[in-house]
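Participant: Build the 3D model from these lines:
(2 chains)
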Amino acid sequence: MINCEKASELTSKKIDKKLSFIEKLSLKFHTLMCSTCALFEDEAFVISESINKENSKNTHNHKMCNERKENLKKLLTEKK
Amino acid sequence: MGNSKKNTIDSSKWVALYADQLYNFTYSRTRNSALSEDLVQETFLSALKAKDRFQGKSTEKTWLYSILKNKIIDHYRKSSTKNEKNILDEEDKNTDAFFHDKGSWRNQEGFISSKNEASKLVESKEFYVILEKCLEHLPLKTRLAFRYKHIEDLNTKEICKELEISTSNYWVLLHRARLSLRDCLTKNKMR
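Facilitator: Residues are numbered from 1 along each chain as shown, chains lettered A, B, ... in the order given. Model (predicted):
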């Protein structure tokens, strides 16, 4: 039976690459009995997925301020 | 025929076409508007200098993005002092702060109390501001490992090379980053 420290290590590993069969089982077995680790797993997955989604979709449309854009235009014509 | 397909560049349209896109890309990664504006400006200026070397193999847009990505990584690199860079802190590797000797959680209260709650929290804009703050508190290599993986989407090999660490150290850093983030997010929990 693994402890919480090991379980969290496996959780992190699971996000980044595949777990071995034994590792999968040990983690599953642990999180069935330990709610803190089960929540850590949910949390870690939700966070990493949401960051990836946020970056690939660029959902929020942040814009550069117009003044800076005008400056930039001038700068580019001068240096051309 | 072949020539008509070749991509060309026209710097007079860059600002109108790409300034917002590049800015948005940078801002969603750095959460810092002044820095993002500077990085976009540097990107355009570098691109202008390298204009003659543009071979038309990729589109103008892809080319500008690749310059920008390098600028962002350069920025992270510069924001660390040389000394910091060569040392993998003990702090980076240690997980004692999070667990008792027998490996049970020191802090039982996590960031979330249910899976639903986690999904709701990460959907709010505020979350990314807090996340960015929490990332800043991580030791350097831990922070960069997490950033490069999730935010810049680099692969393991590239990250290990850039950080000059072994892959096993890399997994340790990511583990440590997630534990620290849990603690930090719990403390700054949005109400």
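Participant: The closest residue to chain A within chain B: what secondary structure?
Facilitator: Nearest residue of chain B to chain A, counting by CB to the nearest CB: B:Gly103, 3.0 Å away. All C-beta atoms are positioned from the backbone trio N, CA, C, and that covers glycine. Of the three states, B:Gly103 takes coil according to DSSP: H, G, I helix; E, B strand; the rest coil.
Participant: isn't B:Ile73 right next to B:Lys161, touching?
Facilitator: No. Look at B:Ile73 against B:Lys161 with CB atoms under 8 Å: they stay out of range, at 11.9 Å.
Participant: who's more crowded, those two?
Facilitator: Neighbours per residue (other CB atoms under 10 Å in any protein chain shown) separate B:Ile73 from B:Lys161, with B:Ile73 holding more: 17 against 11.
Participant: If we ignore the residues flanking it in sequence, what's nearest the more buried one?
Facilitator: B:Glu152 (6.7 Å; CB to CB, 6 or more residues apart in numbering or on different chains).
Participant: pLDDT at the closest residue to B:Phe54 other than its chain neighbours, what is it?
Facilitator: Excluding its sequence neighbours, the residue lying closest to B:Phe54 (CB to CB, 6+ apart) is B:Ile9, at 5.5 Å. B:Ile9 is assigned 80 on the pLDDT scale.
Participant: Backbone torsions only: list them for the residue in chain A positioned nearest to chain B.
Facilitator: With distances taken as CB to the nearest CB, chain A approaches chain B most closely at A:Asn3, which sits 3.0 Å away. Backbone geometry at A:Asn3, expressed as degrees, to the nearest 10, gives phi -90, psi 180.
Participant: how many neighbours does it have?
Facilitator: A:Asn3 - counted by other CB under 10 Å - has 17 other residues nearby.
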